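Asks: Have a look; sequence and predicted model below, questions after that.
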Amino acid sequence: MRITLNTSSIPDSRRPQVEALVHSFAKATEIVWLPSRFPRFVMLVEPGPQDSSQPAGGSIFESPLAGNRSLASVTEFLETRIKECLAGSGD
C-alpha cells in the first residue's frame, strides 16, 4: 500500500510521529509526502501489489476491498487518527 500525506497540513516536527502512526496501522506501507492546497492530511491511498486492484463485480465504482478494508475506509480512519494525534500535541 502507498499512502500520500500532505506536507502542507502536517508540521515537519510531527512527521516522524505521524509516520509511526501510519506504520502501526499498515506495516508494509510506503509513505509519500507531497504539498497540497487541500486541508486533508491523507491525500491518496493506493493499493499495493498484494491488494486487489480490480473493482468487485466489474464496476469501476465498487471497492475491491470490503467494509473497513476499503481504500475510502482506510483513508477516513487515518485522517481521523492523524487529526487526533496532532490535536493531542498542542500544535
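Replies: Cool, got the structure.
Asks: Residue 15 is in contact with residue 31, isn't it?
Replies: No: assessed by CB atoms under 8 Å, residue 15 is found out of contact with residue 31, at 9.0 Å. Where C-beta positions appear, they are placed from N, C-alpha and C, glycine not excepted.
Asks: give the contact list for residue 19.
Replies: Taking CB atoms under 8 Å, 6 or more residues apart in numbering, we find residue 19 in contact with residue 31.
Asks: element containing it, please.
Replies: helix 15-25 (DSSP states H and E).
Asks: Okay, buried residues for the longest helix belonging to the chain please.
Replies: Assignment by DSSP state H gives helix 71-87 as the longest helix of the chain. Within helix 71-87, the residues scored as buried using 16 or more other CB atoms under 10 Å are 71, 74-75, 78, 81-82, 85-86.
Asks: Now that we have those, can you turn them into JSON lines and tack on pLDDT and distance to residue 27?
Replies: Output for the buried residues of helix 71-87, formatted as JSON lines (pLDDT from 0 to 100; distance: CB to CB, whole Å):
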{"residue": "71", "pLDDT": "86", "distance to residue 27": "17"}
{"residue": "74", "pLDDT": "89", "distance to residue 27": "13"}
{"residue": "75", "pLDDT": "92", "distance to residue 27": "17"}
{"residue": "78", "pLDDT": "95", "distance to residue 27": "14"}
{"residue": "81", "pLDDT": "96", "distance to residue 27": "15"}
{"residue": "82", "pLDDT": "96", "distance to residue 27": "17"}
{"residue": "85", "pLDDT": "94", "distance to residue 27": "18"}
{"residue": "86", "pLDDT": "94", "distance to residue 27": "22"}
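Asks: That's all I had, so thanks and see you.
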